[in-house]
Structures are given as structure tokens and as C-alpha cells.
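# with the sequence up front, the predicted model follows.
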Amino acid sequence: GDEPLACQGCHMPAGDDAVPLAWFPTDLVARAPLAEHEFAGGNAFMLKLLRDNVTPLGLSASSDQFRDTATRGLQLLRGRAELEVVSAAVTDGLLTLRLRVINNAGHKFPTGFPSRRAWLHVTVTNADGQTVFESGAPDAEGRIIGNDADEDAAQIEPHYDVITSADQVQIYEPILADSNGAPTYVLLRAAGYAKDNRLLPPGFDKTTAGDDFAVRGNAITDATFVDGSDEIEYRITLPAGSASFTVTTALLFESVSYRYVAELLHTDAPRVGAYGAMHSTADKTPTTLAALQFTLE
């Protein structure tokens with residue numbers, strides 16, 4: 001037809017001029033209007049880092065251009081996953097909370113580059129505003145409090161079906177393994193995956209998936225980790241003395257994880273050192289993909 005084509009996931013303002021078609025067939029005349037394509041990825045963190053270092057890096061794009069592209073990336077990210085409360089109740093001082101995380105991305109989420117991760121941050125406060133439980137809190141350096149891997153590169157935070165303590169965190173991520181099966185964050189040392197519990201797209205059968213894209217770790221035996229979603233239950237023992245509790249849940253995302261950068265900075269190379277200096281001053285606040293808050297009495 002004569003209408004500009006639509007494109008899911010990209011912004012296409014109509015151009016003013018007719019555009020000749022340079023590819024086969026060559027006998028077609030120029031068409032107008034032909035919409036412009038603006039594609040956005042999910043690595044807003046790196047775009048912001050480039051925005052803040054345009055001059056020292058000698059970049060041709062402006063700070064405003066990096067800012068605008070990062071904004072489009074964040075808009076794209078925030079539709080990729082949803083968070084639902086399946087059930088929540090307090091019985092005899094025990095809060096039982098069941099959450100469902102839904103993948104809308106059309107592929108595993110987050111994507112496979114081993115610096116990406118998404119996780120659940122769950123906080124419970126009493127009627128006085130005091131925190132009585134918190135799992136998955138981020139810190140200013142980009143670490144996830146309670147994540148074994150951020151404390152020790154040789155460790156892996158497992159996939160959970162049930163969480164009962166604050167030092168357990170549900171993190172959806174790929175972690176590579178070297179030829180000895182040990183965790184590694186160096187691409188050239190990778191021989192496979194030590195963990196891969198990224199959220200599955202609809203239609204993905206984890207029981208028949210090939211080795212190159214199989215689920216790895218505890219998620220393979222988690223009956224509620226299925227195509228399109230995952231469910232996880234929190235069982236939290238509450239302190240006495242409060243009649244109501246506020247539950248705040250959020251699905252957070254990081255495109256450049258703390259452990260990935262920490263292992264990268266072990267490399268003695270000028271460019272790595274230069275990146276480390278820029279990374280150290282960057283804002284490492286994770287992106288909130290979805291959030292819910294409610295009160296239980």
C-alpha cells in the first residue's frame with residue numbers, strides 16, 4: 001500500500017523527502033513518505049556512561065543524542081516484563097507471598113551477554129515504617145545485597161522456588177562456566193553455562209531445549225519456572241507488635257553487573273583502566289521494570 005510501514009519496537013517519524021530505493025528491483029520510482037527507523041537496545045547504562053564522557057572519549061555523537069537513545073532504550077525495557085501478586089496473606093505471624101514474573105520479550109530475558117541480570121527486590125515494613133524484611137536490595141556500587149556471586153566470584157546465587165531469609169535473592173541471569181565447570185566472567189574462558197535461569201519466552205520447552213540454550217541450575221526442576229513466566233514464594237516470619245505490614249516488590253534490571261566489571265578490572269590494560277575510572281563515577285542505580293505495593297493486616 002501507500003502507507004508507511006509500522007515497526008514494533010522502533011519509532012518511525014515520517015520523512016519529508018522521497019527516498020530512492022537503492023536495492024533490487026531497480027526500476028521502482030522514489031517513494032514518499034518513507035518513515036525513519038530509530039532502534040533502541042536495553043543497555044541504557046552504557047549509553048549514559050558515554051553521554052557523561054563524550055569529550056574525553058572523543059565521540060562524534062552529542063550528550064543529548066546519547067541521552068535520547070538511552071531514554072528510548074528504557075522505554076523499550078519497561079515493557080519487557082511484568083510482576084503480579086498471585087497470593088499474599090499473614091497467618092500466625094507468617095507472611096506468605098507468591099509472585100509471578102512474566103516475560104513479554106519474545107526471547108529469554110534478560111539477554112545472554114553475561115553482564116545482564118534481572119532480580120526481585122522485596123521489602124516488608126511495619127506500621128511504623130521500619131523494615132522487617134528485605135531481599136535483593138541494590139547498593140551504590142551496583143552490588144545486590146545477599147548475592148553470593150557479588151561477594152565471591154567463585155560462588156553462584158542459586159535459583160529459588162521458595163525464599164525464607166533475607167540473604168536469598170531471586171536473580172534471573174546467565175553465569176558462564178570454564179572448562180573445569182567453575183564460574184567465569186571472561187568470554188574467552190567460557191565453555192558453557194554454570195547457571196541460566198533467565199525468564200523463558202512463551203513456547204519454550206525447558207525439558208527438550210538443546211544444550212546451547214538449555215536451562216541450567218535449580219530452575220530446571222522448578223515446576224513453576226515455565227515458558228513465559230516464573231512463580232516464587234516468600235515465607236517471612238514477622239515480628240510481633242504490628243497490626244499491619246506494607247509489602248513493596250520490584251523487578252530490577254542491570255545491563256552491566258558488579259561481578260562482571262570486578263572481574264574485568266583484573267586485566268592490566270590501559271583501556272580497561274580507563275573504563276574502570278569512568279565506571280567508578282557512573283550512576284549504578286538499576287532500572288525498575290515493574291513494581292507493586294500493598295498493605296496486609
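Sure thing, it's come through. Quick caveat: nothing in here was measured; it's all calculated off a predicted structure.

# any idea how far residue 173 lies from residue 185?
Applying CB to CB, to the nearest Å, one obtains 11 Å for the distance of residue 173 from residue 185. Heads up, the C-betas are built off the backbone N, CA and C, glycines and all.

# overlap of the contact sets of the two?
residue 114 (CB atoms under 8 Å, 6 or more residues apart in numbering).

# of the two, which one has the most company?
Ranked by neighbour count (other CB atoms under 10 Å), residue 173 and residue 185 place residue 173 first, with 25 against 20.

# what's opposite the closest residue to that one other than its chain neighbours in the beta bridge?
Excluding its sequence neighbours, the residue lying closest to residue 173 (CB to CB, 6 or more residues apart in numbering) is residue 117, at 3.9 Å. For residue 117, the beta-bridge partners are residue 254 (DSSP bridges).

# go on, residue 125?
Here residue 125, judged by DSSP bridges, has bridge partners residue 131, residue 246.

# quick one, what contacts it?
Neighbour list for residue 125: 131, 132, 245, 246, 248 [criterion: CB under 8 Å, 6+ apart].

# okay, now the third one: neighbour count?
For residue 245, the tally of surrounding residues (other CB under 10 Å) stands at 21.

# again, but for the first one
Here the number of neighbours of residue 131 (other CB under 10 Å) works out to 13.

# repeat that for the fourth one.
Other residues near residue 246 come to 16 when the count uses other CB under 10 Å.

# about what we covered before: any idea which of the contacts of residue 125 is the one closest to residue 202?
Nearest to residue 202 among the contacts of residue 125: residue 248, at 28.1 Å, using CB to CB.

# for the closest one, give its distance to residue 78.
From residue 248 to residue 78 the distance is 18 Å (CB to CB).

# is residue 287 bridged to anything, and to what?
Beta-bridge partners of residue 287, as defined by DSSP bridges: residue 253.

# do me a favour and get the end-to-end distance for stretch 237-255?
End-to-end distance for stretch 237-255, by CA to CA, to the nearest Å: 33 Å.

# how about the secondary structure of the nearest residue to residue 291 once chain neighbours are set aside?
Once flanking residues are discounted, residue 291 sits nearest to residue 250: 4.2 Å by CB to CB, 6+ apart. Three-state call for residue 250 (DSSP: H, G, I helix; E, B strand; the rest coil): strand.
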